[in-house]
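1. Just to be clear, the model below is a prediction. Sequence and coordinates:
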Amino acid sequence: MNALPAGYELTFERIDAVAAHAYLTRSYWSAGIPLATVERALANSLAVAVWHEDAQVALARVVTDRATFAYLADVYVLEDHRGRGLSKAMVQALHDHADLQGLRRWSLFTLDAQSLYASLGWQPLAHPERAMERHFPDVYR
């Protein structure tokens, strides 16, 4: 697992849904998401957070059946804490989690973090023509 800078703590045990909502509701991928939806998403996911000085400053979560697939979602680091390796540490902690070993496929969507994920072994879809989605971008508006 990637070492965090002094003063940062990575945890699967302490997840602040209100803090996550404060970021996610203004993110490009879930603008306007209701707090109740964030709470339900976190309750049905495996989430990891990074804390600094008693505040949650980063989060990532995986939606999974813990047998065949994992979907990485909602990875963020608050602006003042970027550039410290927190995203890498969270994603690596999820990769290493005991419940996520032996999965056939992991997937994610990202607008601008391809190089981060590539550095952790992720690749573009080998056959994007085989992938499909149902997308409702305005569902929270």
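-> Perfect, thanks for sending it.

2. Other residues contacting stretch 69-88?
-> With contacts defined as CB atoms under 8 Å, 6 or more residues apart in numbering, stretch 69-88 is touched by 2, 4-5, 8, 20, 23-24, 27, 29-30, 41, 45, 50, 52, 57-64, 90-91, 94, 100, 103-108, 113, 116, 119-120. (Each C-beta comes from the backbone N, C-alpha and C, glycine too.)

3. Nearest residue to the middle of this protein?
-> residue 60 (2.5 Å; CA atoms, centre = their mean).

4. partners of that residue in the sheet?
-> residue 48 (DSSP bridges).

5. State which helix of this structure is the longest.
-> The longest helix of the chain (DSSP state H) is helix 86-96.

6. next structured bit after it?
-> strand 105-107 (DSSP states H and E).

7. what residues are up against the closest residue in space to residue 109 that isn't next to it in sequence?
-> Excluding the flanking residues, the one nearest residue 109 by CB to CB, 6 or more residues apart in numbering is residue 29, at 7.5 Å. Neighbouring residues of residue 29 by CB under 8 Å, 6+ apart: 74, 109, 111.

8. Just the buried subset of the residues you listed, please.
-> residue 74 (16 or more other CB atoms under 10 Å).

9. For residue 62, which residues are in contact?
-> Taking CB under 8 Å, 6+ apart as the test, what residue 62 contacts is 45, 46, 47, 70, 71, 72, 73, 94, 100.

10. One more: residue 43?
-> By CB under 8 Å, 6+ apart, residue 43 has no neighbours at all.
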